[in-house]
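>>> mind folding the following:
(chains A, B and C)
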Amino acid sequence: MLTILMLIPLLGSIAVFALPAARETLAKQIALGISIVTACGAVFLTTRLSGLGGGFAVTEKHDWIPAFGISWSLGIDGISGVLIVMATLLVPLVIIAGWNDVEKIGRGTVKGFFSLILILEVFMIGVFAATDLFLFYVFFEAMLVPVYFLIGRFGGPQRAYAAMKFLLYSLVGGLFMLASLIGLYVVSERQLGKGTFDFSALANMNIDPATQKVLFLGFFFAFAIKAPMVPFHTWLPDAAAESTPGTSTLLVGVLDKVGTFGMIRILLPIFPEASKYYTPIIIILAVISIFYGALLAIGQTDMMRLIAFSSVSHFGFIVMGIFAMTSQSMSGATFYMVNHGFSTGALFLVVGFLVSRRGSKKIEDFGGVSKVAPVLAGVFLISGLSSLALPGMSSFVSEFLVLLGTFSVYKDVAIIATFGIVLAAFYILWMYQRTMTGVPSTEVTETVTEITKRELAAIVPILAVIIGLGIFPQVALKVINPTVNQIQTHVGLFDPVASTTPSESGS
Amino acid sequence: MTAALIGLPLFGAATLLLGGRRTNAWGHFFAVAMSASSFFVGIFLFIQMLGRSGEERAVGQYLFDWISVGRFHVPFGLHIDQLSMVFVLLITGVGTLIHVYSIGYMEHDPNRRRFFAYLNLFVAAMLLLVLADNYLLLYVGWEGVGLASYLLISFYQHKPSAAAAGKKAFIVNRVGDVGLSIAVMLMFVTFGTVTFEGVAAGAPQAAPSHVTWIGLALLLAACGKSAQFPLQSWLLDAMEGPTPVSALIHAATMVTAGVYLITRAHAIFDLSSTARTAVVTIGAITLLLGAFIGTAKDDIKKGLAGSTMSQIGYMILAAGLGPAGYVFAIFHLLTHGLFKAGLFLGAGSVMHGMNDDVNMRHYGALRTAMKITYATFGLGYLAIIGVPPFSGFWSKDEIIHAAFGQNIYIGLATLLGAGVTAFYMTRMMAMTFFGEARWEKGIHPHESPATMTAPMLILALGSAFGGLLLVFVGDIEGWLEPIVGIGHSDHAVSNTILIPVTLLVVLVGAGYGWMTYGRRPVPVVAPENVSLLTRAARADAYGDALNEAVFMRPGQYLTRALVWFDSKAIDGTIGGLSAAIGGLSARGRKLQNGYARSYALTMLGGAVLIAFVLLLVRL
Amino acid sequence: MNPNNYLVLAAILFTIGALGVLVRRNAIIVFMSVEMMLNAANLAFVAAARSTGTLDGQVAAFFVMVVAAAEVVVGLAIIVTIFRTRRSASIDEASLLKY
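You can find the predicted model right below:
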């Protein structure tokens, strides 16, 4: 089933690429249609997860390189399921939002852009669905190729630099992961007699703690670059600022999640001892990321870079939640990954609308937009509020769960991290104040027009999802919880019990 | 039914915001209708509640499971009891009046529809705040009103000062929200639940230190929302918003949410004397600070804002007194909601007549030009300074009385506050309605339209008789007793002595105010050579300057330093590394000189080396 | 049979060839020197085969001859082409393939 889900965008991509270059509109339409079909398929497959108790669903397994125990095995659980749904939902919206972006910005062909996005979608599904670590690695690296071209071909003036930086950072991380992966294979060969890359088999091994600590580092390094955590983050602002808004959305919204996804789905189950051993350092790094990202976001003059840095801060929350290892914090972190994809995606897309009008990403070039384009300003505000985790939006639920879960084990850390929400309010509202309020300059009145129907079609579904999940977060949490519980049990940790148990009537 | 209370205004806000320009023509009426119907639902529920006896009056409504992870379960549940009911009636009642007032006040504003949508949104969020049955859902309402407040303060978005004020309000409130967030987390860790019921049930068994910390965190939250020291600075700036907003949000309802929170969490505060002492101290500081700021403001709205701070200080202080004070905190909240909303609407009416000039030095002698405004403002004035039998007298006297029961210094602070209140309110009356006209050229003060004066009249009636009604007809003490309990601390000073003393202090304050501003001409330009104290009061007691010096300035430097650090140090290290590799390979490629003979020599050298090594190893 | 003399001769021939490759500029001479090195290797092979009494060395020598023949064909063709275009058979002048 999952192979078919991946084949749909793959065939779509080939079809789009095979079109004559002049048939641009047709290419866009095909891409949009294919991505919508894929999204429906992903949602349908995720519904199969209910009542499974956290294990893998819709699994399939075919031998690929039997000599090394490598197989083409796919499957989704609660965590990968929601991420695949998020990714596949974002793709059609990105296509709608980027409908006209390419002609203006890049020199690559229009069909090339949409073809690359579909290819990227194939790999995104693959990397989340792979239950064979080697396959995961293959998709992890393969994703770089379409993204490299999406940034390098269709980006802004510094695109070549940004694309190269992105590629090198990711490759270096991938290299360390490959080394650890081979090490893991060797360990599995010694322990099980026959080497394997199968996720479940590896997770059920008892690797001795010293080996775990070494192998853990290789994976963690790759994931920390991908996530990105301070101090491995500097590729992100450049890449996000130079690529088209659609690419940035997929890059930050989906691709970066592979890092945090890897942490919760690979590091914790396979290296439980090492994860616990490194927890203090990682949590400190996460808290540093939260504040470092937020403070740098405040200091930015470029809107795209500002959003990129805000993501560094958000990823700090996610990593903190994962390594606090309580059910609330991990479920919250997973839910955060989904919400961050939507809220940051919305912000990137809206900023993209602004940039395509004014031709500048600088905050100082705007001002007073709410006067000339009130709906655009309103949409911008809602996206921003979602980013600062306003209660009622889905991001609040996830951020609060992360903080709550962390608080129940590390009070001091959680209290410090909570102050990050003040900074989040500051960078978002200050950006809003500088770009949207005040008296519009003549350049703004001449160039900035009200939001179009197409743009609304791209942004409204995202905002609807954000608010919908804020009121009914159980829709997603029900899917996530069982898998998180399974991981928690596997690691061998339990939630702390409340210090006072209230009488029965109280609950 | 309870859900309808919130649902109606929320539906109104959604309709107006999503409907766009199509709803321009009838939007404001629709918003008024939604708010009014919510009020009628409230009345209906109130009558139902009256039909039940004291203990059975609380009704819960479970809607659905909101968040449920591991042991953390938060229902989306509403809960209406006597305390919430008081708030529901205040919010929807005063809210509806202010909706009506805004029809006239915002008549010429092109964005009137948006204004009404935000007002409805505010009413919905505030109702959610007081109807939630757990602290996390309360948090949603808590930040929801913060959002509405942000939107409404920065409603005049073309004004940079308004935009900045809105942002400031939101961010300062967020600091308070950190407190609420920490409190909720602590509750979960301590009690395993965050419902009001569960927390109240678990509190007696919990570790005292936890209870105290929860109390202090809740106090931080209350400080943010209720503009209490040290998070008070946003309220004065919030006056950038349209005046109906100041009346509804920044006087009558939202800013009193802190009092609601402390009263709602009384189970926590009852158990921790440390937390109560902190609450009383904050309340006392703020009531004096606010009154002090109020004495020097020439901006009529900022003067009222200082007064609001001060009056909420009274409420917080009363709430900090424990069971002896909760009822009076809520009582004062109600009377204050009536007379302060009336005063703000009066100020709005004056501004409406004076072409939106807020400087009282440009007013004077308006009592003849605006008779209804004068009368309603006057009633509010009598109520706030606490002249019997007007409403403020009943509630404020009880607080002063209870404060003396607690501690003589706290009692004296409340007494001093009452005197200062009388002074600045008299100053405001005198500068606005008496003396000679100091109007600027081309200003022709006129009375406001009926949509504006009608709500003012109703609120003036409330200011006049609200206290009487609540004490003698409504029996506010008996009404709230099942929720918060009644404790009579040993009153050190009996009421028979205290009332005359209080009245004397008020008289002195008012008399001094009249002597200074009523009898002497008021200069049109504020005098420069004034005492240090006046200067401090004009500068909001240097609250902003302090924020600027302690947080904003260092924050800016830190941000700039980090931006530099990020691009130079972190990115520089990586960039340097790649430059080093690039440099090395640039050297290295020079070896590739194109001469076949030199390649051959290298090969030979290599072969000889290998042969040599092989020989060496064998030997 | 003692192959020492043959091996010493092979070493001398190889050294002469190697020196020729290193010091001469004319492509043809360099080419001849390479051939000389190959033949030195052949001599060593054959000598070794004779002394051990096996055929392996001779087989190897034949392989070398075949490879050398092929090399001559390709190499001369390249040299002739270079000479035609550049009017010179100096290998130092054909140093375009550098950094």
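>>> give me every residue in the stretch 201-350 of chain A lying close to chain B.
By CB under 8 Å from any CB of the partner chain, the residues of the stretch 201-350 of chain A that approach chain B are A:230-231, A:234, A:292, A:295-296, A:298-300, A:326-328, A:331-332. (Glycine included, C-beta is placed from N, CA and C.)
>>> next one: chain C
Residues of chain C lying near chain B (CB under 8 Å from any CB): C:18, C:21-23, C:25, C:30, C:91-92, C:94-99.
>>> if you set the cut-off to 7 Å instead, what comes out?
For chain C, the residues found near chain B under the criterion CB under 7 Å from any CB of the partner chain are C:18, C:21-22, C:91-92, C:95-99.
>>> quick check: which of these has the minimum pLDDT.
Lowest pLDDT within the residues of chain C next to chain B is found at C:Y99 (71).
>>> centre of the chain to stretch B:143-155, how far?
Computed by CA atoms, centre = their mean, to the nearest Å, the chain-centroid distance of stretch B:143-155 equals 10 Å.
>>> averaged pLDDT, it. What do you get?
On average, stretch B:143-155 scores 91.
>>> how about stretch A:291-302?
Model confidence over stretch A:291-302, given as mean pLDDT, is 90.
>>> now stretch B:289-296
Averaging pLDDT along stretch B:289-296 yields 87.
>>> who's in contact with it?
Stretch B:289-296 is contacted from outside by B:229, B:232, B:303, B:306-307, B:309-310, B:313, B:417, B:420-421, B:423-424, B:534, B:537-538, B:540-541, using CB atoms under 7 Å, 6 or more residues apart in numbering or on different chains.
>>> hmm, which of those residues are the buried ones?
Buried by 16 or more other CB atoms under 10 Å in any protein chain shown: B:229, B:232, B:303, B:306-307, B:309-310, B:313, B:417, B:420-421, B:423-424, B:537-538, B:540-541, out of the contacts of stretch B:289-296.
>>> quick one: contacts for the nearest residue to B:V471 once chain neighbours are set aside?
Leaving aside its sequence neighbours, B:V471 sits nearest to B:W394 (CB to CB, 6 or more residues apart in numbering or on different chains; 5.4 Å). Contacts for B:W394 were tallied using CB under 7 Å, 6+ apart; they are B:335, B:467, B:471.
>>> quick one: which of these sit in helices?
Counting by DSSP state H, the part of the contacts of B:W394 found in helices is B:335, B:467.
>>> and the contacts of B:W394, which is closest to A:L268?
Ranked by distance to A:L268 (CB to CB), those are led by B:T335 at 57.3 Å.
>>> thinking again about what came up before, and the gap between the residue nearest to B:V471 and chain A?
To chain A, B:W394 is 36 Å away according to CB to the nearest CB, to the nearest Å.
>>> and for C:E35?
Separation of C:E35 from chain A (CB to the nearest CB) stands at 45 Å.
>>> now that residue: how far from C:A48?
From C:E35 over to C:A48 the distance is 20 Å, taken as CB to CB, to the nearest Å.
>>> so the two - more neighbours on which side?
A count of neighbours by other CB atoms under 10 Å in any protein chain shown puts C:A48 above the other of C:E35 and C:A48, at 19 against 16.
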